[in-house]
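1. let me see the structure of the following:
(4 chains)
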Amino acid sequence: MPLLDLKHIHAGYNDVVIVNDVSVKVNNGDLIAIVGPNGCGKSTLIKSLLGMARLFSGKVYFNEDDITRIKPWQAVNVGLGYVPQTNNVFTNLTVNENLEMGAYCRSDKQSIKTDINDIYEQFPELAARKKNRAETLSGGERQLLAIARALMSRPRMLLLEEPLAFLSHKASMVVMNRLLEVLAAGTSMLMIEQNTKIALQNSAYAYVLNEGKCVIEGKGPELWENKLLRQRFLGLDKEEVLALED
Amino acid sequence: MTEQIIINSLVTASLYLLAATGLTLTFGLSKFPNFAYAEFVTLGAFLGLFVLRNPDGNILFALPIAFVGVGLISVLSYSLVFKNLVARSTNLIYLMISSIALGYVIRHGIAEIWGWRTQSYQQVWTIYRFGDLRITTLWILMIAAALLTGIVLHLFLTRSRLGKAIRAIANNPDLASITGINKQKIIILTWFFGAGLAGMAGVFRAAATRVVPMLGWDILLPMFAVTILGGIGNFYGLILASLILGFAENFGVVYLLRAGLSTEYRMAIAFLILIILLIFRPKGLAGGK
Amino acid sequence: MAILEVNNVVKNFGGLKVLKGATLSVNKGTIVGFVGPNGSGKTTLLKIIFSLLDSDGGSIAFNGNDITGLSSHKIYRQGLSFAFQLPRLFLRMPVLDNLIIAARQQHGEGLLRSLFARRAWSNQEEMLADKVFQTLNFLELTHLAKNNTGELSGGQRKLVEIGRALMADPEMMLLDEPAAGVNPVLGKKIYQKLRILCEQGMTFLVVEHKLDMVLDFADWVYMIDHGKIMLAGPPRDVIESPDFYTTYVGEKNNASS
Amino acid sequence: MDPLVFILDALVFVGVFMLLALSLNLEFGYTGLGNFGKVAFFMVGAYIYAIAIQFGLPFYLSLVLCALVASILGALVSLPALRLREDYLAITTIAFGEIVRIIFKAEQSIAGGVWGISIPSIFRDLNLSIRMSVVANLLLVYFVVIVVFIVLQLLTNSPYGRVLRAIREDDEAVSVLGKNVIYYKVQVFMIGSAVAGLSGGLYAQYLRFIEPNMFLPLVTFFVWIMLILGGSGNNKGALVGALLVEFISRGSRILKDYVALPVDAHNVQYIMFGVLIILIIMYRPDGLVREKPLKADWIERKITHGNS
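-> Now for the predicted structure:
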């Protein structure tokens, strides 16, 4: 059984359907990527399963429980940690307080402390900035903090929304390596990302969305080599691609 | 003489701090200015009167009773009126009008129970003299209450889980939601404690002056001035702003007298600072978020 | 001849450098496509050109006049118009009013003339109403003319937003993804209309991520990444460039860090 | 009291408040500007009238002066205030109203300070009976109401009014369409303040005595109740609201005089208004008379033509 199972999702905002019949499976311990151009519906897909966008139809199963149409604040309790793309840290709280907020739904004070210390070992960049307000962090550090904050709820799975956007090459490498360490430690991940190369090369399986539909799926690295991807991804007509390849 | 003005300024600052703490915190959380805070202060004053009329009445009983009573009225008003309006994303101006309307309901409710005539706590405060300087027990009590509030709230906001959650919601409500914070519970808590402090401010104000149904309204503008001056939702800014306004008003009055102007203009000082600030630093002293 | 010249524009949001010195120019009577990955600064630059955001450096000239920091309404009067990506319509007003309000130099919009020159402006309004119906016919929205825009679906609202920009008869238009959220056939029709207007001398700077549209309709393309213009040229040259593909799918190179 | 005079007197007050409600409707109902200091312009009108009459100015010129001074004041307040967020605008205007009152209260030399100021009636030389004097005032007030109503109807049902409504919906989008939003807002504030000033002048002329405590923030609140109850965004709604609120409030005062109530009718009245306004905002925010789309016959003709 997959850990997360999205079945035939139709989602959007108000009365506009943006995601059209998309199904995604995430197996325990895997990193699954969803890629696609601007406006293809990848963010809407993630938001719809967290109750932040409108889910018209489809089913969401997590750990075999039906969690279709949960409310945003219930997600942490079922074991989903969400890292939004922007505004993903509490800027007026210190780094340490941000981590504490991440553990808001937990009551085991002692183990929260241990977990925070573990996070600092794992993310030395954050340890150095413990007492600083999050607004003083750089883009890469903020992203790390957002991920660390989500980890503080001890999620079984992380939902990552373009974790590498706005980051320099160096910073995206740091963030991605950290993510891989977290993955290796047993947290599954569903990641949507523009940085297709990094996303595909590191994912067990990937889905390519275009205009709200899944146009191609497969093993990440294989997909990266696939010539069809290029055509699908850029949304070009076949002739155009052929012309380009001449 | 200057020492006396400094003491007076601290007393004024303490009053504003107590009265406006809830205003700034709920403004930060619920994103609208609650004009009924004027009446929360008034209600506190009258609950104090109720206690102090009793032969055994003592201001130390009056304070907690005003705190709890006003806090409960505030929570009630939130659950009956503002919760629904906020949920329906009512336009900001209508929210403000509703809070003004609520203010009238409370003010005239108070007048119906206790009457419009001017009343007084009829308490005698011991006066300590240090040379020319005079300090009353009431003033000491006020400054102590403000200090205590400052310290307790500082510890609460920085050390406790709920306090941090309040700051988190004010900073980024959506993110707070996905970290599993139950917003309603925390908003209600803030409405309770904030209004409770305003109720205590009412007791102090009444003890220092007199008890009338317009008592709260008379300090509403300075309350808004310190709220905006300190930056909405910013408790530390509020402390600083209360001090600034306390000093500006008390020293200002001296200059007003010297210039031969009416002391009625005391309130205009708060207003003037507010206007200048809004024009030059619309986000408050703490500024640019 | 360049009608719009953007020179070395810089923009920071907090510590984030969104634009790091963007420079581009648009020739009169052309459609210029503006492409780049999410968050690369396309919309930000468009908004800065139209003074909806202040820049932190650089200059912008329109028709040879410096318009850096000029208020939006003054820029509009110089003959530049702007359409938002997410429609910003007046939802409690009918579609008709949403369009007619966008016309330039209306007599009835002045305080005194609205009262004392009724004949003049009601005649003008009749002419403008004609134009509104032409636009609505083109957008296939005529039947909704009297409905409040609040009752319209997302796609229909997008069309009204485009129609509003067309009502202005500007010399040049800044469009932020004009075909996003409408069906592909209509999207293509919108571009065909732009092409016709272009041949009549109008100029367009269009943020677009549908590359087929760019290939079919643009005369020139700028690609922006990490706040800098990385590529410029005719659409085919740009899209065929190996740098284009790597950047567009987000494969980053060290040069951009 | 003569019952006829009582009703006529109430109608004069209704007229005065109709002007205030119309002026707030232009600012808030059409343009979305929350002016919480309406009473300040009303008060300035009243005092300017009193002072002008004392200087021997004819009453019509005094009224014009009321409007003029109030509108200049409106411009001065709006220039800094309109750049603010709407909650700040509300607080600033409310504070402005209080300050104006403090000035009139503190400065005895301007107009009697707390003691107030008396104003001679303009109908003094006609030797009218009480009844006829009220009728004369009634005619004067409603003449002004009708003129103002017509002007505002024309204004709000023109392209000018369309821009105002658009500003209410989204002022940034309006500036993108080439309109100078600040310019419009200042104009609206000036017109609204002029009407409020006019209303104050008429009020002073009718009462023949004014003092600072007549201009509590309560007056502003009453105007808001009238507008929200009647229906903001519709000039007729403003008129209906003024009529209803004034008569409810008169009614409760009669009740107080003629019926022995266990409670103070004055308090009950305000509690009732407070609850009423909250209920309206909760359940019928459009008010009694709903907003209508721009009246535009020239476009109507096009539509029938266009569909045929």
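
2. show me the shaky parts of chain C.
-> Flagging of chain C using pLDDT under 70 yields the residue ranges C:14-15, C:38-39, C:181, C:183, C:248-257.

3. from chain D, how far off is the residue nearest to B:Ile59 when sequence neighbours are not counted?
-> Nearest residue to B:Ile59, sequence neighbours excluded (Cβ to Cβ, 6 or more residues apart in numbering or on different chains): B:Ala207, at 6.3 Å. Glycine gets a C-beta too; all of them are placed from N, C-alpha and C. Look at B:Ala207 and chain D: by Cβ to the nearest Cβ, to the nearest Å, they are 25 Å apart.

4. which single residue in chain A comes nearest to chain D?
-> Per Cβ to the nearest Cβ, A:Asn14 is where chain A lies closest to chain D, at 17.0 Å.

5. and the pLDDT for that residue?
-> pLDDT, A:Asn14: 71.

6. equivalent analysis for D:Ser308, please.
-> 40.

7. with A:Leu167 instead?
-> 74.

8. hmm, it is touching A:Gln143, no?
-> Yes - A:Leu167 lies in contact with A:Gln143 (Cβ atoms under 8 Å); the separation is 6.5 Å.

9. so which residues of chain A form helices?
-> For chain A, the helices defined by DSSP state H cover A:42-49, A:75-78, A:95-102, A:109-122, A:124-127, A:139-151, A:169-184, A:196-202, A:220-225, A:227-234, A:238-245.

10. and the helices in the stretch 51-200 of chain D?
-> Remark: helices assigned in the stretch 51-200 of chain D by DSSP state H, counting those that start in this stretch are D:59-81, D:86-106, D:108-111, D:130-156, D:159-169, D:171-176, D:181-207.

11. skipping adjacent residues, who's closest to the residue of chain A closest to chain D in space?
-> Of all residues not flanking A:Asn14 in the chain, C:Gly154 sits nearest, at 6.0 Å (Cβ to Cβ, 6+ apart).

12. who's more crowded, A:Leu167 and A:Gln143?
-> Comparing A:Leu167 with A:Gln143 by other Cβ atoms under 10 Å in any protein chain shown, the one with more neighbours is A:Gln143, at 28 against 24.

13. what helix or strand does the residue nearest to D:Leu244 when sequence neighbours are not counted sit in?
-> Once flanking residues are discounted, D:Leu244 sits nearest to D:Leu229: 6.2 Å by Cβ to Cβ, 6+ apart. Taking DSSP states H and E as the criterion, D:Leu229 maps to helix D:217-230.

14. give me the next element, helix or strand, following that helix.
-> Note on helix D:217-230: by DSSP H and E, the next helix or strand toward the C-terminus is helix D:235-258.

15. let me see the contact set for whichever residue of the stretch 201-308 of chain D sits closest to chain B.
-> Across the stretch 201-308 of chain D, the shortest distance to chain B (Cβ to the nearest Cβ) belongs to D:Gly274, at 3.7 Å. Contacts for D:Gly274 (Cβ atoms under 8 Å, 6 or more residues apart in numbering or on different chains) come out as B:Ala101, B:Leu102, B:Gly103, B:Tyr104, B:Val105, B:His108.

16. and residue 73, what pLDDT?
-> All of this refers to chain A. So, for A:Trp73, pLDDT stands at 82.

17. wait, chain D was what I had in mind.
-> D:Leu73 carries a pLDDT score of 92 in this model.

18. D:Phe41 is in contact with that one, correct?
-> Yes - D:Leu73 is in contact with D:Phe41 according to Cβ under 8 Å; the separation is 6.6 Å.

19. okay, those two: which has more neighbours?
-> Per other Cβ under 10 Å, whichever of D:Leu73 and D:Phe41 has more neighbours is D:Phe41, with 35 against 23.

20. relative to chain C, how far out is D:Glu86?
-> Distance from D:Glu86 to chain C, by Cβ to the nearest Cβ: 17 Å.

21. so what's the residue count around that residue?
-> D:Glu86 has 15 neighbouring residues, counting by other Cβ under 10 Å.

22. list the buried residues for the helix or strand where C:Glu126 lies?
-> C:Glu126 is located in helix C:118-139, with elements delineated by DSSP H and E. Buried residues in helix C:118-139, counting neighbours by 16 or more other Cβ atoms under 10 Å in any protein chain shown, are found at C:Trp121, C:Ser122, C:Gln124, C:Glu125, C:Leu128, C:Ala129, C:Val132, C:Phe133, C:Thr135, C:Leu136, C:Phe138, C:Leu139.
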